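Chemist: What follows is a protein structure lacking sequence information:
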């Protein structure tokens, strides 16, 4: 058996893993696309969400919690700052450093972007039974926890 022309699949577990990988890539691609009315760059959406949920952060902390390179985060932070979506405040623990937080405009734009994606997901799940939606939520939560644990193990190995 072949999957997407990538060669033979040796066992059923690999076929399931490949199917999950393909599904995750499709969902990720959809969530990264601009939704009608969206003016946020897809690359900054995840950063803004983390700044909003974790409070004022240093660039290095933001890079760490998003698993991105500090130089990449710095470029995005500069873009967000220029756009008036993010502000830098002096770090009370280190006068040489700054902490990042969203401006009111940034919070509003992030909220709007999230709402558009919620609408998309609500429409996709609209024909599902409530029990199926709850089961999907439970399994995705478990999956995220497990994959984060494996990722952390690999980083410390």
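Modeler: Sure thing, it's come through. Owing to the predicted nature of the structure, the values given are computational and were not obtained by experimental measurement.

Chemist: so how far is stretch 139-153 off the chain centroid?
Modeler: 14 Å (CA atoms, centre = their mean, to the nearest Å).

Chemist: And residue 12, how close does it get to residue 24?
Modeler: According to CB to CB, to the nearest Å, residue 12 stands 19 Å off from residue 24. To be clear about C-beta, it is placed using only N, CA and C from the backbone, and glycine gets the same treatment.

Chemist: I meant to write residue 157 there.
Modeler: With distances taken as CB to CB, residue 157 is found 23 Å from residue 24.

Chemist: more neighbours, those two?
Modeler: For residue 157 versus residue 24, the count of surrounding residues by other CB atoms under 10 Å is larger for residue 24: 12 against 5.

Chemist: Centre of the chain to the strand or helix carrying that one, how far?
Modeler: Secondary-structure element containing residue 24, defined by DSSP states H and E: helix 12-32. With CA atoms, centre = their mean as the basis, helix 12-32 stands 16 Å off its chain's centre.

Chemist: Report the separation between the residue most central in space within the chain and residue 62.
Modeler: With distances taken as CA atoms, centre = their mean, the chain has residue 46 as the residue nearest its mean C-alpha position (4.4 Å). For residue 46, the distance to residue 62 under the criterion CB to CB works out to 10 Å.
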